[in-house]
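Q: model this:
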Amino acid sequence: MPLNRHLSKGRDHLTRGRDLARTAGDHASDMFAPLTVIGRGLRHHAGWARERWQATPRERRGPTVFLVAAMLLGIYLLPHGLLFALVALMASTAWVGRAPKAPPAPPEPDVADIKLTALYAALTPYLAGPDDLNPLYRHEGAYKNAFSAWEFDGEGRLSRLELAYPAYFTDTEPAARARIEQVVQGKAGRAREYRFDWDEESNKLRISALPPLPTDIAAQRFVAAPGEIVLGFTDEDGSARTIPVGQGGVITQQPPVVWRTGPRSAEPHLLAFGSTGYGTSSLIRSIALQALPFGDLVVIDGAGTGEHACLVNRPGVHTVETSLHGALAALEWAAQETERRLAALNAARHSGTAVPEDVTRPLWLLLDHPTELSELAHAEGRPDPQDLLELPLRHGRAARVTVVIADDVEARDRITHTVRATTRARVVLGPTGPEEGYAALGVPLDIVPAAHAPAGRGYARIGNGAPVRLQVPATVDPLDEEAPAQLREAVIALLPHRDTRTEAAAPTAPAEVPPHPDGPPPVLSAEPAPVLRAGVDLAKEHSAVRPRPVS
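A: You can find the predicted model right below:
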């Protein structure tokens, strides 16, 4: 107990000592507060005078000293001048030093500086030369020596950059360019597309981020002349005109990618490649809907998935084939029809008479994934369907026959040389690498695709023109119940109505019908396209298309 009493007394003395010291400090601070304020103000005035003196040029310091001395002398000579000056100085110092100056906030890190430094460091291994005495790119170097202009958007992402590269960089080699483009996209962001403008004469590279193309344009009647096909829509600098388009319930002006067909077209046929699920079948349907009002169609569905069953028995559609036998019969008829049209055209020119109407009406051959039928034909020892396209491809422009082929980008090596040589209008859909883009379009692609692209996104090249970005209109399969109802209704509204009398009288078994002398002969196929009766709904139409037999 005595020990506890002594410890308690010791703690009480310590507590009273702390309270006394705190009270004394508070009284001292209250007593010396005016002096502290005045001292803080004097330091502020001294600092201001020092900064003004350092900012004064050397040639003006002498007159400044003379002026200050004259002013002090005038104050000294005035009655009570020193007293008034001292009071004014104390008042100003008290006003300036009334509150302590807040410490400056730490500067925020410059995001642009961090990103450009990282990009410069990533480009250094590819653009630095070991024998360069004055390199633009070197380790621990400054990016401002190589980057001349840059711009960031509101989200802090790189939107524009101009950089210089050494003269010894192999900017004429696609592989070397692809490495630089891949590095830039990796550092700037893979979610967007970038255009790379290589100025080989001045050794400069201009990089610009491209805005996304509209994806809410559905299938509709586009303002185009007969023979013009709107493949999709692109950037403002990728097209020379705009057309009115229904988009989201309003009419907007969009720049189209127009493919001109017909006897005066330099690119009468089209070849499209695409990754799986990126809209090559939608492109075929979009072209078919635009060509139906002015021509006749022959559709070959090589994949046998029934993507084009909505065209069965429509006015102007000769046949929709899914089997190898039916495709061969349809293409043989197309070759004979091309010969007949050429003979009729030559006869009309020699006799000076008008060309028959059935000869001038355009005929469209639409082939979706024909390489799958080619593999099946090779396995069965039958003619390749692509070989039967040689006559329509080489003489189709004069005979008003247009061929459109769409296939998977991985099947580009199975496309025959004749098809590749005669299809000067090219389309590639989906994210593609430099090699795939060059193989599909015939020239290096100066745009780096985004890592993830919506369906129908790709690039188009018409003839010898530069590749442009492309967004195919949303032309879904109206038989696909998972597709949005609004998009399906837009496609159904463009399909011509079936002739119920023709469907009711159509035979259920194949019939050998001789060609009509005044018109195009019907397709003689042992396995014709399925005949759909009137009153059958779309789901039954989809199930009526027989799939292609698998070997």
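
Q: wait, isn't residue 457 in contact with residue 277?
A: No. Between residue 457 and residue 277 there is no contact under C-beta atoms under 8 Å: 11.5 Å. Every residue, glycine included, has its C-beta placed from N, CA and C.

Q: out of the two, which sits in the busier spot?
A: When residue 457 and residue 277 are compared for neighbours, residue 457 comes out ahead with 24 against 10, by other C-beta atoms under 10 Å.

Q: Who is the more buried one paired with across the strands?
A: Beta-bridge partners recorded for residue 457 (DSSP bridges): residue 471.

Q: by contact count, what packs against the host helix or strand of residue 259?
A: Taking DSSP states H and E as the definition, residue 259 sits inside strand 256-260. Counting by 3 or more C-beta pairs under 8 Å, 6 or more residues apart in numbering; DSSP states H and E, the packing neighbours recorded for strand 256-260 are strand 228-233, strand 457-462.

Q: what bits of the stretch 401-550 of the chain have low per-residue confidence?
A: Scanning the stretch 401-550 of the chain for pLDDT under 70 picks out 499-550.

Q: pLDDT at the nearest residue to residue 242 once chain neighbours are set aside, what is it?
A: In this structure, residue 242 finds its nearest non-sequential neighbour in residue 253, 4.1 Å apart by C-beta to C-beta, 6 or more residues apart in numbering. Per-residue confidence for residue 253 comes out at a pLDDT of 94.

Q: Next, residue 253: secondary structure please.
A: The assignment at residue 253 comes out as strand when based on DSSP: H, G, I helix; E, B strand; the rest coil.

Q: What is the burial count for it?
A: Per other C-beta under 10 Å, the neighbour tally for residue 253 reads 11.

Q: if I look at it, how far off is residue 239?
A: Distance from residue 253 to residue 239, counting by C-beta to C-beta, to the nearest Å: 11 Å.

Q: Equivalent analysis for residue 371, please.
A: Computed with C-beta to C-beta, the distance linking residue 371 and residue 239 is 31 Å.

Q: out of these two, which sits in the busier spot?
A: More crowded of residue 371 and residue 239, by other C-beta under 10 Å: residue 371, with 24 against 16.

Q: And the more buried one, what's its pLDDT?
A: pLDDT for residue 371: 94.

Q: For the helix or strand hosting it, name the packing helices and strands.
A: Per DSSP H and E: residue 371 is located in helix 370-380. Packed against helix 370-380 by the contact rule (3+ C-beta pairs under 8 Å, 6+ apart) you find helix 324-351, strand 401-408.

Q: Give me the below-cutoff pLDDT ranges for this protein.
A: Along the chain, the model assigns pLDDT under 70 to residues 1-33, 97-109, 499-551.

Q: now with 50?
A: Scanning the chain for pLDDT under 50 picks out the ranges 1, 3-4, 6-7, 502-551.

Q: What angle do helix 324-351 and the helix holding residue 371 make with each other?
A: 110 degrees (axes from the mean of the first three to the mean of the last three C-alpha atoms, to 10 degrees).

Q: Can you give the distance of helix 370-380 from its chain's centre?
A: Mean-position distance between helix 370-380 and its chain equals 34 Å (C-alpha atoms, centre = their mean, to the nearest Å).

Q: ok, now stretch 216-236?
A: Remark: stretch 216-236 is offset 18 Å from the chain centroid, using C-alpha atoms, centre = their mean.

Q: And that stretch, what's buried?
A: For stretch 216-236, burial by neighbour count (16 or more other C-beta atoms under 10 Å) applies to 217-220, 222, 227-234.

Q: and what of stretch 339-353?
A: 340, 341, 342, 344, 345.

Q: Tell me who's in contact with residue 96.
A: By C-beta atoms under 8 Å, 6 or more residues apart in numbering, the contact set of residue 96 is 40, 41, 44, 45.

Q: For residue 42, see how far away it is.
A: Counting by C-beta to C-beta, the separation of residue 96 from residue 42 is 9 Å.

Q: go on, residue 241?
A: Per C-beta to C-beta, residue 241 is found 74 Å from residue 42.

Q: just checking, what packs against the helix or strand containing residue 149?
A: Element membership for residue 149, per DSSP H and E: strand 147-152. Applying 3+ C-beta pairs under 8 Å, 6+ apart, one finds that strand 147-152 makes contact with helix 111-127, strand 158-164.

Q: let's see 6 Å
A: For strand 147-152, the packing partners by 3 or more C-beta pairs under 6 Å, 6 or more residues apart in numbering; DSSP states H and E come out as strand 158-164.

Q: Quick check: what element follows the strand it packs on along the chain?
A: helix 174-188.

Q: could I have that next one exported to PDB, CA atoms only?
A: In PDB, the C-alpha atoms belonging to helix 174-188 read as follows (Å, rounded to 0.1, in the frame of the first residue of the first chain):
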ATOM      1  CA  PRO A 174       6.200  -4.200 -93.900                       C
ATOM      2  CA  ALA A 175       7.700  -6.300 -91.100                       C
ATOM      3  CA  ALA A 176       9.700  -3.400 -89.600                       C
ATOM      4  CA  ARG A 177       6.700  -1.100 -89.800                       C
ATOM      5  CA  ALA A 178       4.500  -3.700 -88.100                       C
ATOM      6  CA  ARG A 179       6.900  -4.000 -85.200                       C
ATOM      7  CA  ILE A 180       6.700  -0.200 -84.600                       C
ATOM      8  CA  GLU A 181       2.900  -0.100 -85.000                       C
ATOM      9  CA  GLN A 182       2.500  -3.000 -82.600                       C
ATOM     10  CA  VAL A 183       4.600  -1.200 -79.900                       C
ATOM     11  CA  VAL A 184       2.800   2.000 -80.300                       C
ATOM     12  CA  GLN A 185      -0.600   0.400 -80.100                       C
ATOM     13  CA  GLY A 186       0.500  -1.600 -77.000                       C
ATOM     14  CA  LYS A 187       1.500   1.500 -75.200                       C
ATOM     15  CA  ALA A 188      -1.300   3.800 -76.400                       C
END
